[in-house]
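Engineer: Build me a model from this:
(one chain, ligands or ions: 2)
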Amino acid sequence: MTALAERARAALDPVHWDFFAGGAGEERTLRANEEAFSRRRIVPRVLRGVGDRDLSTELFGTRLSMPVLVAPTAFHRLAHPAGEVGTAGAVAASDTVMVVSMAATQPVEDITATGAAVWFQLYPQPDDEFQRHVVKRAEAAGCRALVVTVDSPVFGRRERDRRNGFDDLPDGYTCENMRDGEGRVREIGFDPTLGWEHVHRLRASTGLPIVLKGVLHPADARLAVEHGVDGLIVSNHGGRQLDGAIATVDALPAIVRAVDGRIPVLVDGGVRRGADIAVALALGATAVLIGRPIIWGLAAGGPSGVRDVLEAFRDELDHVLTLAGAARPSDLTADQVA
Ligand SMILES: Cc1cc2nc3c(=O)[nH]c(=O)nc-3n(C[C@H](O)[C@H](O)[C@H](O)COP(=O)(O)O)c2cc1C
Ligand SMILES: CCCCCCC(=O)C(=O)O
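Structural biologist: Numbering: from 1, shown residues only. Ligands and ions are numbered 1, 2, ... in the order given. I've put the predicted structure just below:
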């Protein structure tokens, strides 16, 4: 465990630590994500006159200062009283993008009011009318893209949570963006009957870019492009859904080949160091998302802890790029990963 994770663990209620840290089943996929990055080796290029580096990256009309986004994660107020608003403040200061979870514990309007660039994550909701309501609210709040999580036809078996009896937010906390037109908080629906027609309905209901999160098979990546999706996140939900699923960096190359540059491909799961980001970029990802380390920063140090995590990733990536002979993320190539 990293020193930061240890500080977070010390700050958190043990049941909440298990919720944040845990995965599904035996947590094979949770471990596999980090192990798969650890196995990769970078093959540096030399004498390339790298000079000043430029880490900035554009996604759907937003310029990010680095190819690192904050992944959607639930329940930030359980990590720190500053909650998602605190995380967003750090994201604004680091000039990148926060993907706000549908299970956020603060209203999306308060989160975008920090000035952070925000995308809104949505579990596809079986009730179309309610889903339209949530999407319109995210649009009105200024969210710049919708991230639709497609790896959760049912909720994963989180054995730590089952042992701890943790199945709901404690009193005093709610999923603030699950309120319906009457202001009542709805349960998040998980529906195994949903298919591509659901994406069509969503496409018809919003002009925002739609990014599918949780794609691991190249055939699904091809279908996503055919169905008019604007971007993909190669993700296994940080090992919280299908235990035994392929590690994300192992799935990435085939998906990049299937997409063939038609839409951006992002990846998350197990990204812990600047070298992991460089590997993902070299294998064709446009950017990565960070899940648990952001929560550890928030739990251990509040908004400034999140800022420290983001700036550490920037610093490490810049260092790795220089040593690998790349002035920009796009200079890295797949032949630089062994
Ligand atoms: C505590 C926690 C809550 C999460 N909540 C959501 C969520 O609400 N929606 C979602 O699409 N993914 C959710 N995820 C998955 C993350 O978006 C992301 O895929 C994963 O955390 C990346 O792996 P990493 O934690 O190893 O960086 C959650 C992950 C964690 C650890
Ligand atoms: C009952 C809804 C809880 C959503 C929690 C999100 C989460 O932990 C995850 O997606 O992982």
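
Engineer: Can you point out the buried residues in the longest helix seen in the chain?
Structural biologist: With DSSP state H setting the assignment, residue counts place helix 292-324 as the longest helix in the chain. Buried positions in helix 292-324, judged by neighbour count with 16 or more other Cβ atoms under 10 Å: 292-310, 313-314, 316-317, 320-324. In short, each C-beta sits where N, CA and C put it, glycine included.

Engineer: In contact with the residue of the chain found nearest ligand 1, which residues?
Structural biologist: Across the chain, the shortest distance to ligand 1 (Cβ to the nearest ligand atom) belongs to residue 291, at 2.2 Å. Residues in contact with residue 291 (Cβ atoms under 8 Å, 6 or more residues apart in numbering) are 71, 73, 238, 268-269.

Engineer: which residue packs closest to it, ignoring adjacent ones?
Structural biologist: residue 71 (4.1 Å; Cβ to Cβ, 6 or more residues apart in numbering).

Engineer: Run a quick check on that neighbour versus residue 268, I expect a contact.
Structural biologist: Yes. The criterion here is Cβ atoms under 8 Å, and residue 71 meets it with residue 268 at 5.0 Å.

Engineer: List the residues that are in contact with both of these two.
Structural biologist: The contact sets of residue 71 and residue 268 overlap at 238, 289-291 (Cβ under 8 Å, 6+ apart).

Engineer: my read is residue 267 is in a strand, agree?
Structural biologist: Yes. The assignment for residue 267 (DSSP: H, G, I helix; E, B strand; the rest coil) places it in a strand.

Engineer: Assess the claim that it and residue 236 are in contact.
Structural biologist: No. Using Cβ under 8 Å, residue 267 is not in contact with residue 236; the gap is 10.2 Å.

Engineer: got any residues that touch both of these two?
Structural biologist: With Cβ under 8 Å, 6+ apart as the test, residue 267 and residue 236 both reach residue 248.

Engineer: what does this protein put close to ligand 1?
Structural biologist: By Cβ under 6 Å from any ligand atom, the residues of the chain that approach ligand 1 are 20, 33, 71-74, 101-103, 121, 149, 213, 235, 237-238, 240, 268-271, 290-292.

Engineer: rewinding a little: the longest helix of the chain near ligand 2 at all?
Structural biologist: No. Applying Cβ under 6 Å from any ligand atom, one finds helix 292-324 out of contact with ligand 2, separated by at least 10.8 Å.

Engineer: what packs against that helix?
Structural biologist: helix 3-11, helix 14-21, strand 68-70, helix 76-79, helix 83-94, helix 274-282 (3 or more Cβ pairs under 8 Å, 6 or more residues apart in numbering; DSSP states H and E).

Engineer: Before I go, just wanted to say thanks for your time.
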